[in-house]
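Asker: predicted model follows, preceded by the sequence.
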Amino acid sequence: MSKFLILTTVAFCISFSSFAQTRKSGCSTIESGMSEKIPNMHKNVSDTTKGRGLADNYFLWTQGSTVKVKFLSGSRALRTKMFNYAKEWEKYANLKFQMVESGNADIRVFIGSGNGHNSYIGTVARNIDARDETMNLDSADIANDFVFMKGVVLHEFGHAIGLLHEHSSPISGINWNKEKLYKAYEEQQGWDKEMVDFQVFRTYNTSYTNGSKYDPKSIMHYPIYPEETLDGYSVGWNNILSNGDIDIVKALYPMKGKRLNEVTRVEVQNFKTVLLESNVKKGGISLFPTFDLKSVGKTGRVKMVFTFLDAMFKFPLLDEDGIYQENGTVATVRVVLVPTNKVIKYNQNNKKDFEFFLPLDQIPTYALEENILVEFKVVVETKEGEMKSMYQSQPLQFKYAKK
């Protein structure tokens, strides 16, 4: 039994097998920016469109984008075959894949044995270190089976353009054999009941469906064997795009006009430096980050956060009074209203026009005596209260010097 491990915060997938030893492995994803568990929702949903599927609209590429793809391994013949499979999405989505041999690439594919099939979700790949892969394709699992290989490549590149697993639709109605799966996961993965509930049985909220019907033929659906459900329901390996898959990418990446369900999306560009200064007059610390903020979605509020960590142990500094904090960590926050299709420049040309401030009494004395460690992130909050991470910097270290 292959399962799709759905976790939060980083966006990639791992595969494994259990019930059937001959069964090929599937894909699992960890979607970036979902910092809280999403409750199961089993409500009736009226269909506003036909046959569309699940996607994370916050991590879609801009319409008309050319997405650069670089293969980090594999023979030239295999790389070409896989790339040509992936390009089938171009027939229906207003996107172009360009294979590059060197330099920067948006999607970086590693072909290897035993790594499973996995991909980051959509534009999350942009925040991954340029030296790391953003997609894995398991050569041992797909060798000499070109039909299955095509299905795997289409599935993983579906994730790479923002699509999610169809089995997690809140209207799928899958009647899982939970007791059997609890036992299987405990024996083979060491997971307790709570972990299985969250990783396997949870569903997305309805906004992710884009007003869709449940589509068991979707390339994004993983297989379900009869013994995994109480009513014998099953789904085979889907190796071609369904009509629903085609509908969703046409709606999310239309050749003309506006995309379906546009949301507030931004890109942090040219993040260069952060100036940290002691502000005696205010009794605290001022931070001035230098970067550009490009709005690529609709007008909306964007939260920018500096969180503070223990420089020695890299642990978050715990907040004690609930004033300057983010999720219980000492932090300074600013919220800005970002208009659509605009680039906003902050603290450029030695100007200090965008300040973050934190009082000294919010930082433990011992932390001030060490180096100060901060992380900068940009997030968008959804209507359901989920926090979507648009950008997160590497930890930045400073030496505090009182003026």
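Answerer: Looks like it came in fine. If you're wondering where the values come from, they're calculated on a predicted model, not measured in any experiment.

Asker: lowest-confidence helix or strand of the protein?
Answerer: strand 7-9 (a mean of 28; mean pLDDT, DSSP states H and E).

Asker: from residue 151, how far out is the residue nearest to residue 60 when sequence neighbours are not counted?
Answerer: Leaving aside its sequence neighbours, residue 60 sits nearest to residue 162 (C-beta to C-beta, 6 or more residues apart in numbering; 4.4 Å). C-beta: built from backbone N, CA, C; applies to glycine. According to C-beta to C-beta, to the nearest Å, residue 162 and residue 151 sit 19 Å apart.

Asker: out of these two, which sits in the more crowded spot?
Answerer: residue 162 (24 against 20; other C-beta atoms under 10 Å).

Asker: quick check: domain ranges of the chain?
Answerer: Domain ranges of the chain: 7-252, 266-399, per automatic domain parsing.

Asker: got JSON lines for these, with distance to residue 259 too?
Answerer: What follows is these, written out as JSON lines (distance: least, C-beta to C-beta, whole Å):
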{"stretch": "domain 7-252", "distance to residue 259": "5"}
{"stretch": "domain 266-399", "distance to residue 259": "9"}
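
Asker: which of those domains sits most buried?
Answerer: Ranked by mean neighbour count under mean count of other C-beta atoms under 10 Å, those are led by domain 7-252, which reaches a mean of 18.

Asker: so what's the gap between that one and the chain middle?
Answerer: Remark: domain 7-252 is offset 11 Å from the chain centroid, using C-alpha atoms, centre = their mean, to the nearest Å.

Asker: thinking again about what came up before, the domains of the chain: which one's closest to residue 260?
Answerer: domain 7-252 (3.9 Å; C-beta to C-beta).

Asker: show the contacting residues for the nearest residue to residue 204 once chain neighbours are set aside.
Answerer: Spatial nearest neighbour of residue 204, chain neighbours left out: residue 168 (5.3 Å); criterion: C-beta to C-beta, 6+ apart. Residue 168 makes contact with 6, 54, 202-204, 208, according to C-beta atoms under 8 Å, 6 or more residues apart in numbering.

Asker: quick check: longest helix in this structure by residues?
Answerer: helix 146-160 (DSSP state H).

Asker: for the nearest residue to residue 57 once chain neighbours are set aside, give its distance to residue 371.
Answerer: Excluding the flanking residues, the one nearest residue 57 by C-beta to C-beta, 6+ apart is residue 263, at 4.9 Å. Note on residue 263: its distance to residue 371, by C-beta to C-beta, is 38 Å.

Asker: what's near enough to touch residue 256?
Answerer: By C-beta under 8 Å, 6+ apart, the contact set of residue 256 is empty.

Asker: three-state assignment of it?
Answerer: coil (DSSP: H, G, I helix; E, B strand; the rest coil).

Asker: still on that earlier bit, who does the longest helix of the chain touch, helix- and strand-wise?
Answerer: Helices and strands touching helix 146-160, as assessed by 3 or more C-beta pairs under 8 Å, 6 or more residues apart in numbering; DSSP states H and E, comprise helix 76-86, strand 118-119, strand 135-138, helix 139-142.

Asker: can I get the CA coordinates of the first one in PDB?
Answerer: What follows is helix 76-86 as a C-alpha-only set of coordinates in PDB (Å, rounded to 0.1, in the frame of the first residue of the first chain):
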ATOM      1  CA  ARG A  76      20.200  12.400 -21.700                       C
ATOM      2  CA  ALA A  77      17.700  10.000 -23.200                       C
ATOM      3  CA  LEU A  78      15.800   9.500 -19.900                       C
ATOM      4  CA  ARG A  79      15.800  13.300 -19.100                       C
ATOM      5  CA  THR A  80      14.400  14.000 -22.500                       C
ATOM      6  CA  LYS A  81      11.700  11.400 -22.200                       C
ATOM      7  CA  MET A  82      10.600  12.700 -18.800                       C
ATOM      8  CA  PHE A  83      10.700  16.300 -19.900                       C
ATOM      9  CA  ASN A  84       8.500  15.500 -22.900                       C
ATOM     10  CA  TYR A  85       6.000  13.800 -20.600                       C
ATOM     11  CA  ALA A  86       5.900  16.900 -18.400                       C
END
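
Asker: partners of the next helix or strand after it in the sheet?
Answerer: For helix 76-86, the following helix or strand on the C-terminal side (DSSP states H and E) is strand 96-99. When pairing is defined by DSSP bridges, strand 96-99 lines up against strand 66-71 (parallel).

Asker: verify the stated contact: residue 185 with residue 191.
Answerer: Yes. Between residue 185 and residue 191 there is a contact under C-beta atoms under 8 Å: 4.4 Å.

Asker: for residue 302, pull up the helix or strand it's in.
Answerer: For residue 302, the host element (DSSP H and E) is strand 300-309.

Asker: tell me the mean pLDDT over that strand?
Answerer: Per-residue pLDDT over strand 300-309 has a mean of 96.

Asker: ok, then the element right after it?
Answerer: In N-to-C order, the element after strand 300-309 by DSSP H and E is strand 325-326.

Asker: look up how far residue 220 lies from the closest residue to residue 353 other than its chain neighbours.
Answerer: Excluding its sequence neighbours, the residue lying closest to residue 353 (C-beta to C-beta, 6+ apart) is residue 347, at 6.2 Å. Going from residue 347 to residue 220 by C-beta to C-beta gives 41 Å.

Asker: same thing with residue 74?
Answerer: As defined by C-beta to C-beta, residue 74 lies at a distance of 24 Å from residue 220.

Asker: try residue 186
Answerer: To residue 220, residue 186 is 27 Å away according to C-beta to C-beta.

Asker: cool, residue 237 as well?
Answerer: In this view, residue 237 and residue 220 are 12 Å apart by C-beta to C-beta.
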